[in-house]
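> Quick one, fold the following:
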Amino acid sequence: MNSDNRNVILAVVLSMIVLFGWQFFIAGPQLEQAQRQAEIAAQQQAEAEQLAVPSTNADGTAVAPASGTDTPRAFTDRATAVAASERVTISTADLEGSINLTGARIDDLQLKQYRETVDPDSPTIALLKPAGLPDAYFIEQGWAAAAGSAVTLPTSQSIWTVEGDNTTLTADTPVTLRFDNGEGLTFRRTFAIDDYYLFTVTQAVENTGAGDVALFPYSRVIRHGNPQVQNFFIQHEGPIGVLGSNNYVARKYGDLQNERQVDFSSTTGWLGMADKYWATAVLPKAGTLINARFAYSQSNGTNVYQTNYVETQPVMVPAGGTVSHEAYVFAGAKEDRVIASYQESYGFDRLELLIDWGWFHFLTKPMHWALVNLYALLGNFGLAVLAVTVIVKAIFFPLANRSYASMAAMRRVQPEMKAIQERLKDDRAAQQQAMMELYKKEKINPLSGCWPILIQIPVFFALYTVIFISLEMRHAPFFGWIQDLAAPDPTNIFTLFGLIPWDPTALPLLGSFLHLGIWPVIMGITMWVQMRLNPPPPDPTQAMIFNWMPVIFTFMLGTFPAGLVIYWAWNNTLSIAQQWFIMKRHGVEVNLLGNIMDTFRRKPKAAEPGKS
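Numbers count the residues shown, from 1 in each chain. I've put the predicted structure just below:
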């Protein structure tokens, strides 16, 4: 590998180190500090500012009424909060929970197919939680009145009653709730649920009064507290939406604290909040014009995040008549096939973006499809990762072969290149001209060895993204001690793999660096061996970087999901075999053992000037 090719590859690798290092050492801590500062500032300003969402936009159209300023009872745990009010039970194959008759809101939802840990007896994932808890998370629908209207509407504190005999919402039996405002309007809210995670919410208004009433339907997702996020640049976690011509809109929780409120008027689409594996969204019918809002406020010192929309066209309820309106709620796991089916069946605009497929989504989605199908064939998601890595390596083998063929040709003319450099060392222009003539004579393209490597980078980054975000890998076992590919390797060499009863990660400052399992060590060794296939670069700085790079990556990947580390180790191993084969094929000497021994040999000191 000549110096030009080595410099390009070095630049790419250093860029990766900067990306990972910046996120791990700088961006993450800075984000946490900014969040803490924003919380303090918000608390100081809470009494001086009016954070309630206004009832109308500047153009007089309605927006959803504020909910972040509610002050419900405080509860110590979810069970107590659920027991504090009358409820309707939710029970399907994938969901269990309840609908609160106070406010007729969906505020208690658990994902029955997913648990908090790999222990089959651990609690199921609690997605939605009632108001009054520090981490309350719930979804509401309702009606907003036109500007200047004095009509009494149900609020988040209104008590609804069950209409009919059914008190359990299942995939086959919807539930209807009823509220009478005592002024001639009767509100009904019917909840239906499919076999997975989509609620259909039908709101009906019966008007027995003397005059027509104009109402605007709204829906919102409200979240209290400071949601735990990965703080990783690969995937967005926080408020999201697809809003017509505004396209994909996303905000981090810290960003929303600074912006306070972001409005999108007269648009279409949907919006909600996304975690790594779970999501919520409120969705009007496809093509409906809405005013959308991302908002942040505080209630009793608690952060409150809200995404909501209100339809721009009012629903007219005539005197003596009844009008109904239908909208949807998604609350569940980010299962690709389920979300894709909703997008196709209901026409929701780019609902697939609930899953953050990353920068190279055109590569990431096919990668995910391949992994899921290989998993179905092999029965182990870890083996599926290894298999898809082999397939990618095979696809790019011709490019890799061409790359090393170019490198071999460059090595062949290396003596002539050095002679030119020595002969024309004082004339850079003439030196470059002579080099180009040599390349033309020998039919060598000096960049042909680099482009195949650069082209592969988006593909491997897409595969890396798929492994990181795939719900299928969560709690998926591999072999041996790896029982969860989405969690870090549980072993640690700093505890002698459990023989020393202490937790080194609890140490201040250094603790985050002191979790280093077996697979990260294997990854580091394979990376180091791969770099020894070529002699060390003559430049001392480059040699030092190449020597320390495997060590840096080993510690950086120590807390990464085991699936990512196994993939990286396997990719390094395949790269070693592939590079060895290609180099031998092109007649290049492979002195791996010699290069490894040279690494440990003491280098002779350079003679001081004037001494022999």
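> mind listing what's buried in the helix or strand in which residue 345 is found?
In this assignment (DSSP states H and E), residue 345 forms part of helix 336-346. Buried residues in helix 336-346, counted by 16 or more other CB atoms under 10 Å: 336, 338-339, 342-343. No exception for glycine: its C-beta is placed from N, CA and C like everyone else's.
> chain center to that helix: distance?
19 Å (CA atoms, centre = their mean, to the nearest Å).
> list the helices and strands it packs on?
strand 322-333 (3 or more CB pairs under 8 Å, 6 or more residues apart in numbering; DSSP states H and E).
> Would you mind writing the CA trace of the strand it packs on as PDB?
Output in PDB follows, covering the C-alpha atoms of strand 322-333 (Å, rounded to 0.1, in the frame of the first residue of the first chain):
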ATOM      1  CA  THR A 322     -75.100  14.100  15.400                       C
ATOM      2  CA  VAL A 323     -71.700  14.200  13.700                       C
ATOM      3  CA  SER A 324     -68.800  11.800  14.100                       C
ATOM      4  CA  HIS A 325     -65.100  12.000  13.400                       C
ATOM      5  CA  GLU A 326     -62.400   9.400  13.100                       C
ATOM      6  CA  ALA A 327     -58.700   9.500  13.800                       C
ATOM      7  CA  TYR A 328     -55.900   7.100  14.800                       C
ATOM      8  CA  VAL A 329     -53.300   6.500  17.500                       C
ATOM      9  CA  PHE A 330     -50.200   4.300  17.200                       C
ATOM     10  CA  ALA A 331     -48.700   3.100  20.400                       C
ATOM     11  CA  GLY A 332     -46.300   0.100  20.400                       C
ATOM     12  CA  ALA A 333     -43.100  -1.500  19.200                       C
END
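> neighbouring strands for it, and are they parallel or not?
Applying DSSP bridges, strand 322-333 is found paired with strand 198-207 (antiparallel), strand 278-283 (antiparallel).
> quick one, that strand and helix 336-346 angle?
160 degrees (axes from the mean of the first three to the mean of the last three CA atoms, to 10 degrees).
> quick one: average confidence on the helix holding residue 345?
For helix 336-346, mean pLDDT is 95.
> do stretch 119-127 as well
Computed over stretch 119-127, the average pLDDT equals 92.
> before we move on, what about stretch 498-508?
Stretch 498-508 comes out at a mean pLDDT of 75.
> and the residue lying closest to residue 479 once chain neighbours are set aside, helix, strand or coil?
Counting by CB to CB, 6 or more residues apart in numbering, residue 382 is the residue found nearest to residue 479 once chain neighbours are left out, at 7.1 Å. Here residue 382 is recorded as helix under DSSP: H, G, I helix; E, B strand; the rest coil.
> so residue 382 touches residue 483, yeah?
No: the criterion here is CB atoms under 8 Å, and residue 382 misses it with residue 483 at 10.8 Å.
> Now list whatever residues contact both of those two.
Residues within reach of residue 382 and of residue 483 at once, by CB atoms under 8 Å, 6 or more residues apart in numbering, are residue 477.
> more crowded one of the two?
residue 382 (21 against 16; other CB atoms under 10 Å).
> if I look at that one, how far off is residue 333?
21 Å (CB to CB, to the nearest Å).
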